[in-house]
Each structure stands twice: as structure tokens, then as C-alpha cells.
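Chemist: need the 3D shape of this:
(chains A and B)
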Amino acid sequence: MKITLNNRVDELDVNQPTISIEELLALKSFTYKMLFVKHNGVVIKTEDYPVTNVAEGDNVEVIHLMTGG
Amino acid sequence: MPTFDDIKSILSHYTVGIAGAGGLGSNVAQALVRSGVGRLIIADFDVVSESNLNRQFYFADQLGRYKVEALKENLLRIRPSAAIDIHNICLTEQNIPLIFPTVDVMVEAFDVAEMKRVLIELFASTFPAIPLVVGNGMAGWGNSNSMAVREMGNLYLCGDGVSEVSVNLPPIAPRVGICASQQANVVVSLLLSKYFGNENNP
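Modeler: Take a look at the predicted model:
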């Protein structure tokens, strides 16, 4: 499955037509404690990561948030 | 091209929300009041402490005072006609929508990353039409050119996106000031773009 992840085309090694945000974060080893996710331009609530599906051609942005202010 | 009087008169019609009155919030507020923004809604629960004075817009004779009260006093010394609505409260997912529903632009100025995420997710779902300007990554010193503004639809991320505050990478006035000024600059340019177009992009 080919998606755009953080502005780069990424070929995901999966055998299913869709993958949840939760699975995608694990697959791509995003281990930051605090991050937020935009899927096709929409911010996804953390609680919806398991039920939001990413499909071929989708655009996903994962942004690390850090303490300081 | 507009004069500063034109700019001030336009900005006087707008309301900007600021969540947090620390290094980012207090300095964003200062810049916006000087620029002529009509009304600020500012919320924070903290008091001014000695360690804040390395970067926050407070003074030594204000130690121990509630930040929002001290900040309002300082802002009114700059421009007595500014409308400064303060909320001495710990912001939560529950009370944020009650405090900031009327703002034209929202500024995220929390220190804790968890709260940055709460605000980003909350505004995306509850107030998707209100631009949100976030500070993300401003610890330490140097690397001036790594500080930038990243536009993601209605969400603007200011800072370097990598420098997390820690004991050995403290927040210090210059870089915190750069980040706060980038946030204020985005706010001003968003508000003025309605009149002067997007020639000066955020």
C-alpha cells in the first residue's frame, strides 16, 4: 500500500487494503510520547487512532509535540 | 500600503485567545497589545516565580502574584485602552470551549506537551474554522535559523519542532522570544490578510 507519510511517498509492507492509525504508528515505529496525527488534512483524536483507517493514496502527517513554553 | 494607524485600527476589531501566560503567552500578549489587537482572552492558573523571569514578561516585584493579574497590569501599562479578559483557571478539555468560543485566532502557549495535544485535537473538532497557532520547540540557545513557521491548513506550528525543554536544555529568553514573536506575527498576518491579502504570508 502506497501512502504519503510526512510529505514523502511510503510503500507500506502490509497485506490488507487498509491499516488503522494505531497500526501505522506501530509499523513505522513512532515512539514519541506525545504526538498528533493529521489524516487527509483532518486532525484525528487520539482515542480514534484504532478506528481510523488509512488506505492507498492517503496523506498522513505525524507531528512530535514537545514540552516548553 | 497601510500606515500603522490603519493597521492598528483594523486589529482593534479582533479578539485573540491565549492559552497559558508563561514564556510564550506573556510575550505573545505583549506583542499583540503593542500591535493594536482589540481584545485578548488569557487563561493561566500559575503564579510568577523567580525562575520565570529569565524569559517571561513579568517583573521581580510581581513574584508570587497570579500571572494573569500581573500580565493584565503590565499590558495595560502599554495600552490602557486594551480589553484584557483574564481567567485565573487551570485549563482543561472541558472548560476551554467555554472560555475561548468567541476568538478570531487562538494561540497555544502551554508548556506541557500533553496540553498542546489537547488543544490541537479540541480545536480541530470543536472550532475547526478558528486558526490555531502553536509553539513547538524553543529550548536552549543558538540555531536561530531552525526556528520556522509550518502551515498545516488552519494550524500553524512555530518553533524548531525538535528542542524539548529539559534540565540541561532550559528555555531562555532569546529562543522563547523568537517562538512567541513568530506566533504573534502569524496572528497579525492572519488578521490583516482579510484586508491586505496574503501578500505577507503567515
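
Chemist: from the contact counts, what lies against the longest helix along chain B?
Modeler: In chain B, taking DSSP state H as the definition, the longest helix is helix B:173-196. Contact here means 3 or more Cβ pairs under 8 Å, 6 or more residues apart in numbering or on different chains; DSSP states H and E; on that basis helix B:173-196 packs against helix B:4-11, helix B:23-35, strand B:105-108, strand B:132-135, strand B:148-152, strand B:155-159. All C-beta atoms are positioned from the backbone trio N, CA, C, and that covers glycine.

Chemist: chain A: which of these is closest?
Modeler: Closest approach to chain A among the helices and strands packed on helix B:173-196 (Cβ to the nearest Cβ): helix B:23-35, 4.4 Å.

Chemist: for that closest one, buried residues please.
Modeler: Neighbour counts using 16 or more other Cβ atoms under 10 Å in any protein chain shown place B:23-33, B:35 of helix B:23-35 among the buried residues.

Chemist: average pLDDT for that helix?
Modeler: For helix B:23-35, the mean pLDDT works out to 98.

Chemist: so that helix versus helix B:173-196, what angle?
Modeler: Angle of helix B:23-35 versus helix B:173-196, following axes from the mean of the first three to the mean of the last three Cα atoms, to 10 degrees, is 40 degrees.

Chemist: one step back: averaged pLDDT, the longest helix of chain B. What do you get?
Modeler: 96.

Chemist: then stretch B:39-48?
Modeler: Stretch B:39-48 comes out at a mean pLDDT of 98.

Chemist: just the endpoints, please. Distance across that stretch?
Modeler: Using Cα to Cα, to the nearest Å, one end of stretch B:39-48 lies 23 Å from the other.

Chemist: then stretch B:104-117?
Modeler: End-to-end span of stretch B:104-117 (Cα to Cα): 20 Å.

Chemist: and for stretch B:118-137?
Modeler: Start-to-end span of stretch B:118-137 (Cα to Cα) is 17 Å.

Chemist: so what's the gap between that stretch and the chain middle?
Modeler: Averaging C-alpha positions (Cα atoms, centre = their mean, to the nearest Å) puts stretch B:118-137 13 Å from its chain's average.

Chemist: so does that stretch get close to chain A?
Modeler: Yes - using Cβ under 8 Å from any Cβ of the partner chain, stretch B:118-137 reaches chain A at B:120-121, B:124-125, B:135-137.

Chemist: now stretch B:140-147
Modeler: No - against chain A, stretch B:140-147 shows no contacts by Cβ under 8 Å from any Cβ, the least distance being 9.4 Å.

Chemist: average pLDDT across that stretch?
Modeler: The average of the pLDDT scores along stretch B:140-147 is 97.

Chemist: pull out the buried residues from it.
Modeler: Neighbour-count burial for stretch B:140-147 [16+ other Cβ under 10 Å]: B:140, B:147.

Chemist: list the contacts of it.
Modeler: Identification of contacts with stretch B:140-147 by Cβ atoms under 8 Å, 6 or more residues apart in numbering or on different chains yields B:138, B:158-160, B:162-163, B:169-170, B:172, B:174-175, B:178-179, B:182.

Chemist: around chain A, pick out the residues from chain B.
Modeler: Those residues of chain B that sit near chain A, judged by Cβ under 8 Å from any Cβ, are B:20, B:22-25, B:109-114, B:116-117, B:120-121, B:124-125, B:135-139, B:152-153, B:155, B:157, B:159, B:161-165, B:171, B:176.

Chemist: end to end, how far does stretch B:145-159 reach?
Modeler: End to end - Cα to Cα - stretch B:145-159 spans 10 Å.

Chemist: stretch A:48-67 now?
Modeler: Chord length of stretch A:48-67, first to last residue, is 23 Å (Cα to Cα).
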